[in-house]
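> Please work out how this folds:
(3 chains)
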Amino acid sequence: MGLSNPAAGHDDTTTVSAISPNWVTTRLDFLTNWARSNSLWPMPFGTACCAIEFMATAASRFDLARFGMERMSFSPRQADVLICAGRLPFKLAPVIRRIWDQMPQPKWSISMGACASSGGIFDNYSMVQGIDTIIPVDVYVPGCPPRPEGLMYGILLLQKKIKGETFTDDSLRVEKLVGPSGLFLPAERVDELSEPFGNSISQTRSS
Amino acid sequence: MSTLSPSVPALRSEFGPSVERHLVSSGQTIVYVSRDRSHDVLAWLRDTPGQEFNYLTDVTAVEYRDPERPLEVVYQLRSLGRKANLRVKVALDKRGPLEVRSVYDLWRGADWLEREVYDMFGITFVGHPDLRRILMWETYAEGYPLRKDFPLRGHFSRAEQTRQALAANPEAHYSLEELSIADAYGELPKEMQERLAKGERGFLK
Amino acid sequence: MTLRTVEMALATPGVDAAGYPTRVPLGVAPENGGYREDLGAEHMLVNIGPQHPATHGVLRLVLELEGETVKRCIPHIGYLHSGFEKLGEYRQYNQIIPLTDRTDYLSPMANNVAFALAVEQLMGLELTERCKVLRVIACEMSRIISHLVWLGTTGIDLGAYTPFLWSFQERERIYNLQEAWTGARLTTSVTRVGGLMADVPDGWEAGLREFTNTFPKTLQEIDTMFTRNAIWIGRTQGVGALTAEEAINLSLSGPMIRASGVDYDVRKDQPYLDYDSYDFDVPIGEYGDIYDRYRVRLEEMAQSNRILEQALVRLGRLKGAPINVSDPRVVLPPKSRAMSDMEAMIFHFKQVMEGVKPPAGEAYVGVENPKGELGTYLVSDGTSKPVRWRIRPPSFINLASLPTMCEGALLADVIAINASVDIVMGEVDR
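Alright, predicted model coming up:
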């Protein structure tokens, strides 16, 4: 679904002098989604090693500017997509929650790296086992750290997701808040993340 | 190869029975001193000409897997001029109080190092100006993470840890030192002043 | 020497014989106790971070301000505490090597080397020549990439965006070499106990030689951009100064302590990996301010380049030499022997199932990481997992000096001073 210019007719030679494209027709959804996906201003919530790969992606070799994302918005109030690049300890959990709450709709989030997606290699007392226990996540980019091409693929997937949205659907823009129990996900879902691995003080076992 | 540091016989002649034992491991000298004179020993090592251990490389602690063995506070010292190293250890019986005198007055670099040992092991450093947790949040309730009776994934369930983490209010997270700023107190929001007056310092109710 | 528009009228009284700006003597403080009085100064408590572009990671600074002047600065850390040391107690020694990548993620190979050296000291292993040369190459490449990040991000903090792109472009060239050698750009895990994960592939030396030939030009460009730049000088000279006694007492290390005039470099004072046989200089500063730290780090990159060139020559002479210790208790025997010889099979089995087992004892090994002295203190009880793995973090100890440096400085200086400490929060918090 793209743009069509009724004044152009079916003639392929549409030079400016030949026709006058003063008006085009399109769906409002297409226009909104096209604008949103091609000018996503990232909120780089960079914590650890993935943040360095994010910086490398933004630098000149893998250039994020061609996706419209070179304007890093360090204020959440002006950001579209929160990219959590790096591991998230429990001490930082209220911070990312607050940053997410401060972002205005429409907003999306990318969980970059294994630690942000699931806790990564840090299955211990201090690490959140995946930021989706704290905030809603749209795209997960695996890797430790993901290659810049991997992150770009994740961004393209997000753009594809945005292009499939419709802005008449209010359910997409509902704020998913922390529940009255004080948790974002139900307690059983959070507990089962580390259940298979047990919790041992015996250090001669494998974990 | 035994490369015993010459500081050991000097320490023995100066402090006698307070120097409990010494050994050489992997070519490095370790001296065990008793807790009551640890500060004197370290001050002597820093100030005496011929020793001049003016650089405190590290302060840490070790707990062994054998529950009978005491906790050890480890001081890694270096003499920059003489290019010599020494490791001084203080053994702390687990049944007694886990405290040792702070060396903040000797080396300012011990400030954060001792705070970290307190945070991870629960060893109190007497005389430290600001002994509070540094890596975990100040009202962390699960215990001291690097102790051997602390399981890898913590004492609480994942859901409980997440709940406690989300309940923290990061903005109200000021230390006592910061709150002692009398002038700025008047500029804190009224609600925060009331909570402080009620004695709240961290996030757990 | 003609001055370009960038090298405007200097903030300093002229240049010396080498072309570097002469220094205004420190201690020229205003009469009112060192504080610059603001008009109508307001007393404030300001919070910077933990999420902030200029804090170089998740660091939280609480500043008590009198107008723009900092009265007190209290850093809060722990926002990236990942429980490395606890995790290490549940992992075999070779399984800890990938963990070391993630503490100081700007110079991962140097951390791998630091940890492996500690285990080898514990076991009393003697490395092969080729392994030592390759580890020196790994350490010096790590020094270059870490200082390049420091340069780029400090430039951004002080308002200069372009060198960030230059330094990241140079880093990409080193990343190509790291990727060709280990398979990963950042999380390299290049060492194993007793040796390395793999030897460098064919043609790798040519890539490194090309880098060492062209890198000095980038350093020259950066030097032209910054060293005589009036804005840079104005913002970095006299800011965040520490005397030598303060630096020693605060246990600083690396460029922080060398900029203050203390000649302490672990590579020279406690040589490891045959560093005493390489020909290189260690830059020492004088005033201990940000400008000296910048000059020290810039010169260190040039010296690292020099070491890399020497190491390349040695590497050429050691073609085909083994990289691993030939001790079967530490290094896996070749597969052909493991399949045919009973003893080799048993060694293989024990290593895979149980891991490397050092004798009971302890060792502390300090190496000269780009950030400072990275120490690894290992306590072993004879099993395959350490009783205690302590990382002596240079950034953690260097960061503790931040309040001392910030008191009396302006708010903008706090950002510059924080940048000059060159911290990486993964190492500060572990």
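> number of nearby residues for C:Glu407?
16 (other C-beta atoms under 10 Å in any protein chain shown). C-betas here are computed from N, CA, C, even on glycine.
> scratch that, A:Asp170 is what I was asking about
7.
> In PDB, list the C-alpha atoms belonging to the helix of greatest length in chain A.
Secondary structure of chain A per DSSP state H: the longest helix is helix A:148-163. Provided in PDB are the C-alpha atoms of helix A:148-163 (Å, rounded to 0.1, in the frame of the first residue of the first chain):
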ATOM      1  CA  PRO A 148      25.800  -4.600  14.700                       C
ATOM      2  CA  GLU A 149      24.200  -6.300  11.800                       C
ATOM      3  CA  GLY A 150      22.100  -8.300  14.300                       C
ATOM      4  CA  LEU A 151      21.000  -5.200  16.000                       C
ATOM      5  CA  MET A 152      20.100  -3.600  12.700                       C
ATOM      6  CA  TYR A 153      18.100  -6.700  11.800                       C
ATOM      7  CA  GLY A 154      16.300  -6.200  15.000                       C
ATOM      8  CA  ILE A 155      15.600  -2.600  14.200                       C
ATOM      9  CA  LEU A 156      14.300  -3.600  10.800                       C
ATOM     10  CA  LEU A 157      12.000  -6.100  12.400                       C
ATOM     11  CA  LEU A 158      10.700  -3.400  14.700                       C
ATOM     12  CA  GLN A 159      10.100  -1.200  11.700                       C
ATOM     13  CA  LYS A 160       8.200  -4.000  10.000                       C
ATOM     14  CA  LYS A 161       6.100  -4.500  13.200                       C
ATOM     15  CA  ILE A 162       5.300  -0.800  13.300                       C
ATOM     16  CA  LYS A 163       4.300  -0.800   9.600                       C
END
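> Show the average pLDDT along that helix.
For helix A:148-163, the mean per-residue pLDDT is 94.
> What of stretch C:122-133?
Per-region confidence: stretch C:122-133 scores 94 on mean pLDDT.
> ok, that stretch near chain B or not?
Yes. Against chain B, stretch C:122-133 shows contacts by C-beta under 8 Å from any C-beta of the partner chain at C:122, C:124.
> chain center to the longest helix of chain A, what's the gap?
Computed by C-alpha atoms, centre = their mean, to the nearest Å, the separation of helix A:148-163 from the middle of its chain amounts to 9 Å.
> ok, and for that helix, which residues are buried?
Neighbour counts over helix A:148-163 (16 or more other C-beta atoms under 10 Å in any protein chain shown) mark A:148, A:150-152, A:154-155, A:158-159, A:162-163 as buried.
> Quick check: C:Ile54 is in a helix.
If you look again at residue C:54, you'll see it is Ala, not Ile. Yes. Counting by DSSP: H, G, I helix; E, B strand; the rest coil, C:Ala54 is found in a helix.
> ok, now how distant is it from C:Asp157?
Using C-beta to C-beta, to the nearest Å, C:Ala54 is found at 5 Å from C:Asp157.
> Which ones among the buried residues of helix A:148-163 also lie next to chain C?
Of the residues in the buried residues of helix A:148-163, proximity to chain C by C-beta under 8 Å from any C-beta holds for none.
> and which of the residues you listed is nearest to chain C?
A:Pro148 (8.6 Å; C-beta to the nearest C-beta).
> I'd say that closest one and A:Ile52 touch.
No. Using C-beta atoms under 8 Å, A:Pro148 is not in contact with A:Ile52; the gap is 10.6 Å.
> excluding its backbone neighbours, what's nearest C:Asp274?
Excluding the flanking residues, the one nearest C:Asp274 by C-beta to C-beta, 6 or more residues apart in numbering or on different chains is C:Lys132, at 5.5 Å.
> Quick check: the one you found is in a helix.
Yes. Using three-state DSSP, the assignment for C:Lys132 is a helix.
> Output the worst-scoring helix or strand of chain A on mean pLDDT as PDB, nothing but the C-alphas.
Ranking every helix and strand in chain A by mean pLDDT, DSSP states H and E puts helix A:187-191 at the bottom, with a mean of 86. Coordinates of each C-alpha in helix A:187-191 appear next as PDB, following Å, rounded to 0.1, in the frame of the first residue of the first chain:
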ATOM      1  CA  ALA A 187       4.700 -14.000  40.200                       C
ATOM      2  CA  GLU A 188       4.600 -17.600  38.800                       C
ATOM      3  CA  ARG A 189       6.000 -16.500  35.500                       C
ATOM      4  CA  VAL A 190       8.900 -14.700  37.100                       C
ATOM      5  CA  ASP A 191       9.700 -17.500  39.500                       C
END
